[in-house]
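Trainee: sharing a sequence plus its predicted fold:
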Amino acid sequence: MDSKNGPNEQRPERVGVYICHCGGNISDHVDVKAVAEEIQEIPGVIVAHTNMFMCSDPGQQLIQEDIQSGKVDRVVVASCAPSLHETTFRSAIARAGMNPYLYEHANIREQVSWVHDGSKATRKAATLVSAAVAKARNLQPLQPTRVEARRRAAVVGGGVAGLRAALDLSRRGLMVTLIERSPFLGGYAARLETLAPTGEPGAQVVQELGRAVAADANIEIRTCSQVVRSEGYVGNFTLEIRREEPEPMQFVQAGSVWSLKNLKPGEYVLFSGLYPCPIPEAPETFQVEAGVIVLATGFETYVPHMGDYGFLKSPAIITLPELIHHMAAQPDSGRMLTFNGRPVRRVAFIHCVGSRQIPGLHEPDADGNLNEYCSRTCCSAVLQAAGRIRKAHPETQVFDFYRDIRTYGRGQEELYEQASTAGVLFFRFEADAPPQVEAGSDRHALRIRVRDTLTFGEELTAEVDLVVLAVGMVPRPIGGLVEMLKLPLGTDRFLQEVHPKLRPVEVANTGILLAGTCQAPMDVGEACAAAQAAAAKGVSLLIKGHVELDPFVAEVRPERCSGHGVCAEACPVEGAIGLVAAGAGRKARINPALCTGCGICVPECPENAIEVNGWTLKQFEEMVDAIVAA
């Protein structure tokens with residue numbers, strides 16, 4: 001909304017400032033009214049309003065009314081971090097008919113009220129808002145970068161999250177290529193006999209999803225395949241895929257050994273998954289051109305260290321996945337559980353093996369990593385298995401040794417109640433005093449010693465025939481993809497989303513989306529929900545046939561550029577800056593779809609031929625002057 005007083009006279013910018021109380025998060029430490037009164041005196045500031053919640057509908061309406069009445073043509077919002085509500089305010093400004101990039105944000109919560117108090121907080125808030133006003137007066141209208149987009153998605157990973165994402169993408173009008181490194185679809189869910197807390201068969205879930213995907217004409221399934229190269233950007237990714245026969249492998253179904261070559265397409269294999277198509281007879285390489293990439297690469301289960309709770313020192317110490325596999329593959333209706341042909345009169349479960357590890361108490365892996373996070377699903381899986389043993393084998397006693405029980409999901413607390421009612425005995429230990437597993441007597445293979453906090457620290461001893469370790473989830477090694485796609489990792493080594501609430505399935509690289517347990521420990525229901533969210537985001541990006549990106553990218557002034565190329569050498573993003581022929585010489589050219597607006601190229605250019613839109617040197621200078629003068 002740029003207007004003029006006359007045919008040759010630019011009308012001065014009219015800045016509206018809107019300061020948020022943030023429900024007390026800001027106003028408990030910052031005198032918001034005093035800041036507004038001070039800012040009102042700055043030349044060019046037409047209005048300075050305060051509101052309890054600027055991001056609320058009434059707060060947004062206040063901004064829109066001032067724009068539509070013609071009072072303001074630049075907006076400054078002083079509130080929480082821009083990463084939270086920058087999009088909210090830009091959208092509100094656009095709905096009012098003003099260019100959404102004539103807006104500046106001042107963070108007076110994280111940068112002020114959360115770290116300062118009293119007069120210092122108020123003084124700093126006023127200073128930051130003054131700097132934002134100075135920049136706002138120098139803002140120019142910008143237009144988003146438009147990129148043509150291919151209406152195809154590449155889904156990497158064929159577990160339940162990948163299957164769910166592929167199906168939802170297809171049903172909303174996109175072509176899909178599903179890339180799975182193994183010969184089977186279904187991932188870890190195919191190894192589960194039943195799913196907690198519903199008791200639904202894992203095989204049924206995998207078969208329903210897998211067969212729906214296999215029957216969908218819009219979905220191309222590529223098993224035995226891996227991404228070996230990637231280039232491009234949102235709307236225009238090109239993936240090179242290598243497909244080859246996996247290493248010789250066999251599997252067991254109902255006690256019989258089968259070979260892959262004996263399978264027919266569409267056949268389901270217990271503990272392996274759905275076999276959708278024949279394995280390749282010879283290696284082949286092909287390309288997939290896609291508008292978005294959905295990563296559904298899954299997880300792996302933690303493998304305990306040698307001697308961890310006696311692991312590998314006795315055949316009677318196993319992991320929970322091994323027990324689940326045993327109970328499903330060798331159904332036993334006897335009143336007592338058997339394992340390896342021996343009766344199990346007592347079985348003990350130990351929680352948090354490979355999860356919630358504490359520096360100094362637990363041994364890191366070979367790379368020095370500790371899994372300090374909670375794997376979330378283990379407690380429910382233990383309780384389901386414990387309850388099932390008590391129901392199917394009533395003469396087998398079940399002991400449960402836990403640090404904390406976290407049955408967080410809907411219907412999962414009932415698993416705890418059912419296990420308690422069925423006679424499972426619970427013992428609680430502290431992290432620094434875990435159960436000690438040692439050799440037992442002639443009657444029982446193992447002995448467990450523990451200081452039980454439920455009995456006020458009394459030391460208890462239990463002799464058992466089988467110890468089951470509830471191992472957690474760990475990130476699947478996908479170092480090649482991480483490096484290739486420049487993927488961000490969290491401190492837990494899972495793939496890191498931009499924001500857990502506002503952008504929960506996106507990474508910083510636009511067009512790359514996350515689905516399921518590649519992002520964090522999840523149960524099957526949560527993984528499918530995350531996959532559906534990723535699919536929805538992918539469709540919203542591609543359905544128009546083009547993508548609009550923020551214009552905060554570098555821009556070259558051709559009249560100043562001498563084509564020496566130091567900007568391209570300094571740029572950390574391959575392909576973002578190139579040199580093109582221009583007359584007798586060369587000029588730098590920016591690819592706005594690849595440029596991240598980092599600004600590294602700006603100080604490298606000796607001719608000052610590059611600026612970052614929305615963050616020009618002039619705007620920086622005005623902000624600094626305002627801070628100095630405050």
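Mentor: All right, it came through fine.
Trainee: the helices in the protein, which residues?
Mentor: 32-40, 57-68, 82-95, 118-136, 160-171, 202-215, 320-329, 378-392, 413-421, 479-485, 524-542, 566-570, 601-604, 617-629 (DSSP state H).
Trainee: among those helices, which is the most enclosed?
Mentor: Across the helices of the chain, the average number of neighbours (mean count of other CB atoms under 10 Å) peaks for helix 160-171, which reaches a mean of 28. In short, each C-beta sits where N, CA and C put it, glycine included.
Trainee: picking that back up, could you dump the helices of the chain to TSV with mean pLDDT?
Mentor: Below are the helices of the chain laid out as TSV (pLDDT from 0 to 100):
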stretch	mean pLDDT
helix 32-40	97
helix 57-68	97
helix 82-95	93
helix 118-136	96
helix 160-171	98
helix 202-215	95
helix 320-329	90
helix 378-392	95
helix 413-421	95
helix 479-485	93
helix 524-542	97
helix 566-570	94
helix 601-604	94
helix 617-629	95
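Trainee: quick one: closest of those to residue 467.
Mentor: Of all the helices of the chain, helix 320-329 sits nearest to residue 467, with 10.1 Å by CB to CB.
Trainee: contacts for the closest one?
Mentor: Applying CB atoms under 8 Å, 6 or more residues apart in numbering, the contact partners of helix 320-329 are 191-193, 252, 254-255, 270-271, 301, 318, 339, 349, 378, 381-382, 385, 388, 468-471.
Trainee: quick check: PyMOL command selecting the buried ones in those residues.
Mentor: The buried residues among these can be selected in PyMOL (16 or more other CB atoms under 10 Å) with this line:
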select buried, resi 191+192+193+270+271+301+318+339+349+378+381+382+385+388+468+469+470+471
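Trainee: okay, now the domains of the chain?
Mentor: Domain assignment for the chain by automatic domain parsing gives 15-141, 152-254+265-298+476-547, 302-472, 553-612.
Trainee: dump those into JSON lines; add distance to residue 629 as well.
Mentor: Below are the domains of the chain laid out as JSON lines (distance: least, CB to CB, whole Å):
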{"stretch": "domain 15-141", "distance to residue 629": "8"}
{"stretch": "domain 152-254+265-298+476-547", "distance to residue 629": "35"}
{"stretch": "domain 302-472", "distance to residue 629": "47"}
{"stretch": "domain 553-612", "distance to residue 629": "24"}
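Trainee: tell me which of the ones you listed lies nearest to residue 620.
Mentor: When the domains of the chain are ranked by proximity to residue 620 (CB to CB), domain 15-141 comes first, at 8.0 Å.
Trainee: now for the nearest residue to residue 486 once chain neighbours are set aside, how many residues are close by?
Mentor: The spatially closest residue to residue 486, leaving aside those adjacent along the chain, is residue 509, at 6.1 Å (CB to CB, 6 or more residues apart in numbering). Residue 509: 17 surrounding residues under other CB atoms under 10 Å.
Trainee: circling back: which one of the domains of the chain lies closest to residue 619?
Mentor: domain 15-141 (4.7 Å).
Trainee: pull the distance from that closest one to the chain's centre.
Mentor: 30 Å (CA atoms, centre = their mean, to the nearest Å).
Trainee: next: stretch 165-184.
Mentor: 19 Å.
Trainee: still on that earlier bit, got the helices of the chain as CSV, with distance to residue 223 columns?
Mentor: Converted to CSV, those look like this (distance: least, CB to CB, whole Å):
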stretch, distance to residue 223
helix 32-40, 59
helix 57-68, 49
helix 82-95, 39
helix 118-136, 53
helix 160-171, 11
helix 202-215, 11
helix 320-329, 23
helix 378-392, 28
helix 413-421, 34
helix 479-485, 17
helix 524-542, 18
helix 566-570, 40
helix 601-604, 43
helix 617-629, 52
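Trainee: who wins for proximity to residue 369 among those helices?
Mentor: helix 479-485 (13.2 Å).
Trainee: got a list of contacts for the closest one?
Mentor: By CB under 8 Å, 6+ apart, helix 479-485 touches 156, 226-230, 293, 295, 297, 487, 489, 495, 509, 512.
Trainee: repeat that for 7 Å
Mentor: With CB atoms under 7 Å, 6 or more residues apart in numbering as the test, helix 479-485 has contacts from 227, 229, 230, 487, 489, 509, 512.
Trainee: pLDDT at the second one, what is it?
Mentor: Spelled out, that is residue 229. In this model, residue 229 is scored at 96, pLDDT.
Trainee: tell me how far it lies from residue 238.
Mentor: Distance of residue 229 to residue 238, computed by CB to CB, to the nearest Å: 8 Å.
Trainee: can you tell me the closest non-neighbouring residue to the spatially most central residue of the chain?
Mentor: Taking CA atoms, centre = their mean, the centroid of the chain lies closest to residue 497, which sits 3.6 Å from it. Excluding the flanking residues, the one nearest residue 497 by CB to CB, 6+ apart is residue 504, at 5.4 Å.
Trainee: what number of residues lie near the one you found?
Mentor: Neighbour tally, residue 504, other CB under 10 Å: 15.
Trainee: now do it against residue 518, distance only.
Mentor: Distance from residue 504 to residue 518, by CB to CB: 13 Å.
Trainee: ok, residue 383 next?
Mentor: 26 Å.
Trainee: on that earlier part again, which of the contacts of helix 320-329 fall in strands?
Mentor: Judged by DSSP state E, the subset of the contacts of helix 320-329 located in strands is 252, 301, 318, 339, 349, 468, 469, 470, 471.
Trainee: export these to JSON lines and append columns for pLDDT.
Mentor: Listed next are the ones in strands among the contacts of helix 320-329 as JSON lines, based on pLDDT from 0 to 100:
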{"residue": "252", "pLDDT": "49"}
{"residue": "301", "pLDDT": "96"}
{"residue": "318", "pLDDT": "97"}
{"residue": "339", "pLDDT": "92"}
{"residue": "349", "pLDDT": "98"}
{"residue": "468", "pLDDT": "98"}
{"residue": "469", "pLDDT": "98"}
{"residue": "470", "pLDDT": "98"}
{"residue": "471", "pLDDT": "97"}
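Trainee: nearest to residue 593, of those residues?
Mentor: Closest to residue 593, out of all of the ones in strands among the contacts of helix 320-329 and judged by CB to CB, is residue 301, at 39.0 Å.
Trainee: let me see the contact set for the closest residue to the closest one other than its chain neighbours.
Mentor: The shortest distance from residue 301 to any non-neighbouring residue, by CB to CB, 6+ apart, is to residue 471 (5.1 Å). Residues counted as contacts of residue 471 (CB under 7 Å, 6+ apart) are 301, 302, 304, 319, 320, 353, 354.
Trainee: cheers, nothing more for now.
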